[in-house]
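# Sequence first, then the predicted structure:
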Amino acid sequence: METLLLPFSPRFIILTICAVVTALLLTIGIFDHNPKAWEVVLLPVIVFGALTLLGIRDLTQKSHAVLRNYPISAHIRFLLEEIRPEMRQYFFESEKDGMPFSRDTRALVYQRAKMVLDKRPFGTQEDVYKEGYEWMNHSMSPKARTGAEFRVTIGGPDCTKPYSASVFNISAMSFGALSPNAVRALNAGAKRGGFAHDTGEGGVSPYHRENGGDIIWEIGSGYFGCRNRDGSFDPELFAKVACEDQIKMVELKVSQGAKPGHGGVLPGPKVTLEIAEARGVPPWIDCISPASHSAFSTPIEMMKFIDHLRTLSGGKPTGFKLCIGHPWEWFAIAKAMLETGITPDFVVVDGAEGGTGAAPLEFTDHVGAPLREALLLVHNTLVGLNLRDKIRIGASGKVVTAFDLARTLALGADWCNAARGFMFALGCLQSQSCHTDRCPTGVATQDPTRQRALVVPDKLQRVANFHSSTILSLMELTAAAGLDHPREFQPQHFSRRISASEVMTFGQLYPTLEPGELLRATGDARFRDAWALASAEDFRPLQAAT
């Protein structure tokens, strides 16, 4: 009896109704002698018949248990699940809640990119008494806002062509991940605004070259754009590209914040002729980006490779980017600098919270050091080795506002890079569909019908506007702190609420090493133990290497 009543249970009633209505409509159409009967019932028969067939398919398919138990009606669940991010973003999240970037932050970028009013009325929406709240300490004698550009000269003692960079530049995003129009607009915006555009590891494409903006060429483990057929590094091809006038710096990517220690695969169907040409790989075949480099395997070899790249580029600033993992591996690189006498011109610290590339959830959420801890480690190490004056430090990882810039510079960076901030300037909605090739704004897609939505002349100006407006805001913060240049920001300029009744400056939270302290065998436990494990001969700790 229970089985006989199943069609009338809440789980199956929609299918039953559709089947019954279809049968009744067919009966009317067949047996009604009115010649116009089919004109009345044909459309309902098609609709209810299709729903009935869908329900039967749901009952018989084996992939989704919920569809077998709730034919037809379960599709509502999948529909709601599909539009859930948009519903939450547009109707439910507050101005401060959205992740990775809040609506308030995204709105600020859009307003500055469009050069419309970016002020906020009626006071802060932040809970200033909540643990973790941070602020900048202003001066009782603020300076007049300067009109000078905020730039930093990058190039150590072995560099013959130093580069004067803005303190705010476009972080690494590859052609292939970004659409041709997005690359065009970013590079043209960089040209107009006088700042630099990092290529990402996908090679220097025609779209990077088209508008003449300053380029930082990133070389990853796949050596795209400078590789032999077997994937190894090709020095002649590298030199040919690196010596182009538009290439201002060369950046060796050791690891990235989105997925440190993880390689990548661009599936064959996405390796178009254009992408294949830019990367120097065969088209329509899986493009492999290995997890580690083949050109070096030890810290000393890495320093020699960087020196080789600098020589091949004609003496341009050459450095490397990394997301900090095991601290002894970073210390091993630092010891290799001391042993070889070779220093990179710069180090870019990529925080684990950074990254535009899609990655496994475990890597995105739980692998790699966040920017603040990583930056402090790198900065203090170079100070403790008396190398800080030779090596500039760049930083990337959710740096979007002028406050982000000032705070990051105070912790040891010389300049900052941003990827997602400039994507917002292009029109990105944070739909988080970058990896699906269905980007709604044409930023992260190779679909020509989608990328045409991104109009280059309009978006390049927005890229330049966002940069100039952010630098203007940084000028105002710098003047409010009583400083002339953001390089003068120090940890004591920023404070953090530790509890409802306790506040500490960054200087108290993050004590720094004295110049040369690591050379004198520091007693600071944050550095002492890992420093003892490091060897310039091997990335593995000494106890494991032996």
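Okay, I see it.
# hey, let's count contacts and neighbours off CA atoms from now on
Will do.
# Any regions of the stretch 151-300 of the chain where pLDDT drops low?
Within the stretch 151-300 of the chain, not a single segment meets pLDDT under 70.
# now the helices: where do they sit in it?
For the stretch 151-300 of the chain, the helices defined by DSSP state H, counting those that start in this stretch cover 180-193, 206-209, 235-242, 273-279, 299-312.
# right, so of these, which gets closest to T445?
helix 180-193 (8.8 Å; C-alpha to C-alpha).
# I'd say V167 and C416 touch.
Yes - with contacts counted by C-alpha atoms under 8 Å, V167 reaches C416, the gap being 5.9 Å.
# okay, those two: which has more neighbours?
C416 (26 against 23; other C-alpha atoms under 10 Å).
# Bridging across strands, which residues link to that one?
F168, A395 (DSSP bridges).
# ok, it - contacts?
Contacts here follow C-alpha atoms under 8 Å, 6 or more residues apart in numbering; on that basis C416 touches 167-169, 394-396, 399, 405, 408-409.
# out of the helices of the stretch 151-300 of the chain, deepest packed?
Most buried of the helices of the stretch 151-300 of the chain by mean neighbour count (mean count of other C-alpha atoms under 10 Å) is helix 180-193; its value is a mean of 26.
# E476: neighbour count?
Counted with other C-alpha under 10 Å, E476 comes out at 19.
# Roughly how far does it sit from A402?
9 Å (C-alpha to C-alpha, to the nearest Å).
# What of Q446?
32 Å.
# if you count what's nearby, which of these two comes out ahead?
Neighbours per residue (other C-alpha under 10 Å) separate Q446 from A402, with Q446 holding more: 23 against 20.
# Surely that one touches C439?
No - judged on C-alpha under 8 Å, Q446 makes no contact with C439 at a distance of 9.2 Å.
# Go ahead and confirm E95 touches R106.
No - assessed by C-alpha under 8 Å, E95 is found out of contact with R106, at 9.6 Å.
# out of the two, which sits in the busier spot?
Counted by other C-alpha under 10 Å, E95 and R106 do not tie: R106 has more neighbours, with 21 against 15.
# Quick check on that one: phi, psi?
Here is the backbone geometry of R106 (degrees, to the nearest 10): phi -60, psi -40.
# for it, what are its contacts?
Per C-alpha under 8 Å, 6+ apart, neighbours of R106: F424.
# re earlier: show me which of the contacts of C416 is closest to I14.
Using C-alpha to C-alpha, those come closest to I14 at V399, 51.0 Å.
# For L405, give me its contacts.
168, 399, 416, 474.
# one more time with 7 Å, if that's ok
Applying C-alpha atoms under 7 Å, 6 or more residues apart in numbering, one finds that L405 lies in contact with 399, 416.
# What helix or strand is it located in?
Using DSSP states H and E, the element containing L405 is helix 402-410.
# Give the buried residues for that helix.
402-403, 405-410 (16 or more other C-alpha atoms under 10 Å).
# farthest pair in these?
Between all members of those, the farthest pair (by C-alpha to C-alpha) comes out as A402 and A410, at 12.2 Å.
# For the closest residue to L375 other than its chain neighbours, give me phi and psi.
Closest residue to L375 apart from its sequence neighbours, by C-alpha to C-alpha, 6 or more residues apart in numbering: V349 at 6.1 Å. Per-residue torsions, V349: phi -90, psi 120 (degrees, to the nearest 10).
# Identify the bridge partners of V349.
Under the criterion used (DSSP bridges), V349 bridges to L322, A395.
# List the contacts of it.
V349 neighbours (C-alpha under 7 Å, 6+ apart): 321-323, 374-375, 394-396.
# same question for stretch 61-74, mean pLDDT?
The average of the pLDDT scores along stretch 61-74 is 90.
# from the chain's centre, how far out does it sit?
Offset of stretch 61-74 from its chain centre (C-alpha atoms, centre = their mean, to the nearest Å): 38 Å.
# Repeat that for stretch 39-53.
Distance, centroid of stretch 39-53 to centroid of chain: 49 Å (C-alpha atoms, centre = their mean).
# same check, this time on stretch 45-64
42 Å.
# mind checking which helix or strand L5 is in?
Going by DSSP H and E, L5 is in helix 2-5.
# moving C-terminal of that helix, what's the next helix or strand?
By DSSP H and E, the next helix or strand past helix 2-5 is helix 13-31.
# Show me what that next one is packed against.
helix 37-60 (3 or more C-alpha pairs under 7 Å, 6 or more residues apart in numbering; DSSP states H and E).
# Now do the buried residues in the helix it packs on.
38, 41, 45, 48-49, 51-52, 55-56, 58-59.
# Return the member of those residues nearest to A369.
D58 (46.0 Å).
# so what's that closest one up against?
Contacts of D58 (C-alpha under 7 Å, 6+ apart): 67-68, 71.
# So which of those wins on neighbours?
Most surrounded of those: other C-alpha under 10 Å gives P71, at 25 neighbours.
# Check whether that one really touches T60, as I assumed.
No - the criterion here is C-alpha atoms under 7 Å, and P71 misses it with T60 at 9.6 Å.
# Local confidence estimate at G357?
Value for G357, per-residue pLDDT: 66.
# With pLDDT added, can I get the buried residues of helix 402-410 in a markdown table?
A markdown table is the format used below for the buried residues of helix 402-410 (pLDDT from 0 to 100):
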| residue | pLDDT |
| --- | --- |
| A402 | 96 |
| F403 | 97 |
| L405 | 97 |
| A406 | 97 |
| R407 | 97 |
| T408 | 97 |
| L409 | 98 |
| A410 | 97 |
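# quick check, nearest of those to S468?
Looking across these and measuring by C-alpha to C-alpha, the closest to S468 is A402, at 10.8 Å.
# Return the residues in contact with that closest one.
If you count contacts by C-alpha under 7 Å, 6+ apart, then A402 has 470-471, 473-474 around it.
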